[in-house]
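# Show me how the following folds:
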Amino acid sequence: MNSATQLKMMGSSPAFLSVLRASRLVAVTGATVLIQGESGVGKELLAESIHEASRQADGPFVAVNCAALSETLVESELFGHAKGAYTGAVAKRIGRIAAAHKGTLFLDEIGDMPLSIQAKMLRFLENGECQPLGVEQPARVEVRVVAATNRDLAALVAAGQFRQDLYHRLHVVPLLLPPLRERGQDVALLANAFLASFATRHGVALPAFSRSALELLRSHTWPGNVRELRNLCERLVIFQAGQEISDTCIRGQLFPHAACGTNKADFTPALAPFSLPSDGLSLEWVERNLILAALERTHGNRTHAAKLLDLSRDTLLYRMRKYALR
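Numbers count the residues shown, from 1 in each chain. Model (predicted):
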C-alpha cells in the first residue's frame with residue numbers, strides 16, 4: 001500500500017478494521033468486489049489497496065467514474081472503437097477495459113451506469129470478452145473488477161433502474177465501509193495525521209488541535225466523511241499554520257454561517273477564524289478547495305453549493321471548469 005493510500009485508510013475502530021481484514025483476504029483472489037458506502041468514506045482508496053495487495057499489483061489500476069460517462073459515448077469509452085466505427089471516430093481508441101489488461105478495473109458509482117451498456121458489461125464480466133465498436137471479433141481481456149457505489153443497488157433493481165443479473169454478478173464479495181460518524185475513535189487519529197501530512201506538503205509550521213477542538217471533531221456528524229475531514233485539515237494547515245486550533249476555529253470552518261452570522265454583509269475580517277500565513281498563499285488554491293468543500297457539504301448538489309459560496313450556479317460551473325472539477 002503506497003503512503004497516500006495508507007494515510008487515508010488509517011483507523012482502529014472495530015467496524016473499519018473488519019472491512020480491512022476482509023479486503024486483505026479477498027485481495028489475493030480474483031473475485032469481483034463490490035464496495036458500498038457513503039460518499040467520501042474512501043471507496044476508491046480501498047479499491048487501490050485491494051489492487052496493491054493482489055496478484056495484479058504490477059498491472060494498471062484503471063478507475064472509471066460511471067456517473068461521468070456520457071450515455072452516447074459510454075460504449076466507446078469502456079470498450080473502445082475502431083477507426084471509422086461511427087461519425088467522428090477518426091482514429092482507433094483503446095477502451096478503459098482493455099487499458100486495464102492484467103490489472104484492476106475500478107468501476108466507481110456503478111449504480112449510475114446507463115442501462116444501455118449494462119448488458120454488454122454483464123457479458124464482459126461473464127466471459128472476459130471485450131468487443132470494441134466496429135470490430136467483428138471480441139478479444140479476451142484479463143481484468144480484475146472492483147466496483148463501488150453509494151446507492152442501494154437492490155432498490156435500483158426493484159425500481160427497474162439496474163439489471164438484476166448484473167447486480168448478482170457484481171455482488172460476489174460485498175464490502176461495506178462505515179461512515180466516519182460511526183468511527184469516533186478514528187477521527188482524532190486521522191485529523192492529526194492529515195495535519196502532519198499537509199504541513200509537510202505545503203512547507204508550513206505544524207498547527208495543533210486543542211483538547212476542545214478534538215472533542216468537537218469527534219462529535220461532528222461528518223456528512224462528507226473522511227474527504228470532508230481531509231479538506232478541513234488542509235484548510236486549517238493553511239490558515240492556522242504554527243498555531244493552536246481552537247474549538248471556535250473548528251466551528252468557524254464547519255459552520256461558517258453560525259460563526260459569522262447568516263447575513264454576509266455582517267462579516268468582518270476580525271471575525272475570520274483564520275490568519276494569513278506569513279509567506280502568503282495562492283488565492284486560486286484557496287478558491288478551488290472552498291469549492292470542493294461546498295460540494296462535499298451539499299453531497300455534490302451544485303445549486304446548493306453555489307448558495308453556500310454566495311455565487312450564481314453559472315458562476316460556480318464556470319469556476320469548476322476553470323479548476324477542472326467535476
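# care to break this structure down by domain?
3-178, 181-281 (automatic domain parsing).
# List the buried residues in stretch 48-64.
48-54, 56, 59, 61-64 (16 or more other CB atoms under 10 Å). In this view, the C-beta of every residue, glycine as well, is placed from N, C-alpha and C.
# Can you tell me which of the domains of the chain has the worst average pLDDT?
Lowest mean pLDDT of the domains of the chain: domain 181-281, a mean of 81.
# what about that domain, distance to the chain center?
Distance of domain 181-281 from the chain centroid (CA atoms, centre = their mean, to the nearest Å) equals 20 Å.
# can I get the domains of the chain in TSV with distance to L316?
Output for the domains of the chain, formatted as TSV (distance: least, CB to CB, whole Å):
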stretch	distance to L316
domain 3-178	17
domain 181-281	16
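# which other helices and strands contact the top helix by length along the chain?
Assignment by DSSP state H gives helix 184-202 as the longest helix of the chain. Packing contacts for helix 184-202, counted by 3 or more CB pairs under 8 Å, 6 or more residues apart in numbering; DSSP states H and E, involve helix 3-8, strand 208-209, helix 211-219, helix 225-239.
# And the helices in the stretch 201-326 of the chain?
Taking DSSP state H, counting those that start in this stretch as the criterion, the stretch 201-326 of the chain contains helices spanning 211-219, 225-239, 247-254, 256-260, 283-297, 302-308, 313-322.
# What about the chain, which residue is the most distant from its middle?
Centroid-distance maximum for the chain: E136 at 36.6 Å, with CA atoms, centre = their mean.
# Spatially central, which residue of this protein would that be?
Central residue of the chain (CA atoms, centre = their mean): G40, at 5.4 Å.
# isn't there a helix covering that residue?
No - looking at G40 with DSSP: H, G, I helix; E, B strand; the rest coil, it is coil, so not inside a helix.
# surely it meets N231?
No - taking contacts as CB atoms under 8 Å, G40 lies outside contact range of N231: 9.5 Å.
# Kindly point out which residues are neighbours of both of those two.
Overlap of the contact sets of G40 and N231 (by CB atoms under 8 Å, 6 or more residues apart in numbering) consists of 224, 296.
# hang on, the earlier thing: of all the domains of the chain, which one is nearest A305?
Distance to A305, taken as CB to CB, is lowest for domain 181-281 among these, at 11.7 Å.
# what sits against W222?
Counting by CB under 8 Å, 6+ apart, W222 makes contact with 179-181, 187, 228-229.
# ok, which stretches of the stretch 1-150 of the chain are helices?
3-8, 14-27, 43-52, 74-79, 96-99, 115-127.
# Serialize the ones you listed to TSV and add fields for distance to A154.
Output for the helices of the stretch 1-150 of the chain, formatted as TSV (distance: least, CB to CB, whole Å):
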stretch	distance to A154
helix 3-8	28
helix 14-27	19
helix 43-52	18
helix 74-79	23
helix 96-99	25
helix 115-127	15
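# out of those helices, which comes closest to N301?
With CB to CB as the criterion, N301 lies closest to helix 43-52 of the helices of the stretch 1-150 of the chain, at 19.7 Å.
# Give me the contact list for that closest one.
By CB under 8 Å, 6+ apart, the residues outside helix 43-52 that reach it are 1-2, 5, 8-9, 19, 23, 26-27, 33, 35-37, 57, 61, 63, 103-104, 106, 108, 144, 146, 148, 150, 175, 177.
# List every C-alpha atom in it, with coordinates, as CSV.
Only the C-alpha atoms of helix 43-52 are listed here, as CSV (Å, rounded to 0.1, in the frame of the first residue of the first chain):
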residue,chain,number,x,y,z
LYS,A,43,-14.1,3.5,-1.5
GLU,A,44,-11.5,4.2,-4.2
LEU,A,45,-8.8,4.1,-1.7
LEU,A,46,-10.0,0.7,-0.5
ALA,A,47,-10.1,-0.4,-4.2
GLU,A,48,-6.5,0.8,-4.6
SER,A,49,-5.4,-1.1,-1.5
ILE,A,50,-7.1,-4.3,-2.9
HIS,A,51,-5.2,-3.8,-6.2
GLU,A,52,-1.9,-3.3,-4.4
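# still on that earlier bit, what's the closest of the domains of the chain to R302?
Using CB to CB, the nearest of the domains of the chain to R302 is domain 3-178, at 13.5 Å.
# Got a PyMOL select line for the buried ones in the contacts of W222?
Burial among those is assessed by 16+ other CB under 10 Å; the matching PyMOL selection reads:
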select buried, resi 179+180+187+228+229
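# Closest to E287 out of the contacts of W222?
Using CB to CB, these come closest to E287 at E228, 18.0 Å.
# How about the closest one, nearest residue that isn't a chain neighbour?
Distances taken as CB to CB, 6 or more residues apart in numbering put E296 closest to E228, at 5.0 Å, once the chain neighbours are dropped.
# What distance do you get for the one you found to V226?
10 Å (CB to CB, to the nearest Å).
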